[in-house]
Each structure stands twice: as structure tokens, then as C-alpha cells.
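Q: A structural model of the following input is requested.
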Amino acid sequence: MEQFQTGEVVRLKSGGPWMIVTTVGTYSGWTMRVADTVSCRWFEGEKPQETVFDVALLEKVSARASPPRDRTKLRVLPARTP
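A: Numbers count the residues shown, from 1 in each chain. Now for the predicted structure:
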């Protein structure tokens with residue numbers, strides 16, 4: 001099982017936003033061992049979110065990876081006419 005440290009950037013293996021590990025070994029009430037959990041923080045728009053995840057659901061984000069694009073904030077510009 002992968003080990004995480006506070007401050008690392010992670011994401012769910014199934015995809016989703018990048019998150020910062022804020023606490024290691026946070027008890028959530030639904031895991032077998034406290035050591036198998038981390039608390040993560042991320043933003044949905046400008047609203048901060050935080051929850052506890054089982055480490056089996058997470059993967060580290062490579063330092064070379066580009067952040068996910070928020071498609072809800074992309075603007076479509078009208079086509080230019082010559």
C-alpha cells in the first residue's frame with residue numbers, strides 16, 4: 001500500500017481534482033486501521049472541501065503532470081470572420 005505524507009498532491013485513482021494531503025492517519029469511522037487513511041483538501045470552484053479517504057483509493061500526482069482543466073470555466077469564443 002502506498003504511503004503518503006502531509007503536503008503531497010494526490011488524486012483519486014478513478015480521477016477527479018488534485019488534492020493536498022493535510023493529515024495522515026485520520027480516523028474516519030469506516031476503515032479497519034487509522035494508519036490507512038488520510039485527510040485531503042481541495043477546491044470546488046472557490047469553495048474549499050475536505051474529507052478523509054482510505055489510502056487504497058488514492059495515487060500520488062506526478063510533479064510533471066498538468067493540473068486537470070475545469071471545463072466549467074472554459075469560455076468558447078465566437079469564430080472570427082475574415
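Q: what's the pLDDT at residue 80?
A: Model confidence at residue 80, given as pLDDT, is 55.
Q: got any ranges where this structure has weak pLDDT?
A: Within the chain, the stretches with pLDDT under 70 are 1, 26-35, 63-82.
Q: Repeat the analysis, applying 90 as the threshold.
A: 1-3, 23-37, 45, 54, 62-82 (pLDDT under 90).
Q: Quick check: residue 40 touching residue 51?
A: Yes. With contact defined as Cβ atoms under 8 Å, residue 40 reaches residue 51; the gap is 6.7 Å. Just so you know, the C-beta spots here come from the backbone N, C-alpha and C atoms, and that holds for glycine as well.
Q: These two: which is more packed in?
A: residue 40 (25 against 11; other Cβ atoms under 10 Å).
Q: Just list whatever residues bridge to the more buried one.
A: residue 21, residue 51 (DSSP bridges).
Q: need the contact list for it.
A: 10, 19, 20, 21, 22, 50, 51, 52, 53, 58 (Cβ atoms under 8 Å, 6 or more residues apart in numbering).
Q: Please check those residues and keep the buried ones.
A: Buried members of the contacts of residue 40, scored by 16 or more other Cβ atoms under 10 Å, are 10, 19, 21, 52, 53, 58.
Q: Which neighbouring elements make contact with the helix or strand hosting the fifth one?
A: Counting by DSSP states H and E, the secondary-structure element that holds residue 53 is strand 47-54. Packed against strand 47-54 by the contact rule (3 or more Cβ pairs under 8 Å, 6 or more residues apart in numbering; DSSP states H and E) you find strand 37-44.
Q: how big is the angle separating the strand it packs on from strand 47-54?
A: 160 degrees (axes from the mean of the first three to the mean of the last three Cα atoms, to 10 degrees).
Q: quick one: buried residues of strand 37-44?
A: Quick answer for strand 37-44 (16+ other Cβ under 10 Å): 37, 38, 39, 40, 42.
Q: Could you work out the most separated pair of the buried ones among the contacts of residue 40?
A: 10 and 52 (12.7 Å; Cβ to Cβ).
Q: so what sits against both of the two?
A: Counting by Cβ under 8 Å, 6+ apart, the common neighbours of residue 10 and residue 52 are 38, 40.
Q: circling back to that earlier point, same list as before, the buried ones among the contacts of residue 40 that is, but in a markdown table and with distance to residue 3 included.
A: As requested, the buried ones among the contacts of residue 40 are exported to a markdown table (distance: Cβ to Cβ, whole Å):
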| residue | distance to residue 3 |
| --- | --- |
| 10 | 11 |
| 19 | 16 |
| 21 | 11 |
| 52 | 16 |
| 53 | 14 |
| 58 | 11 |
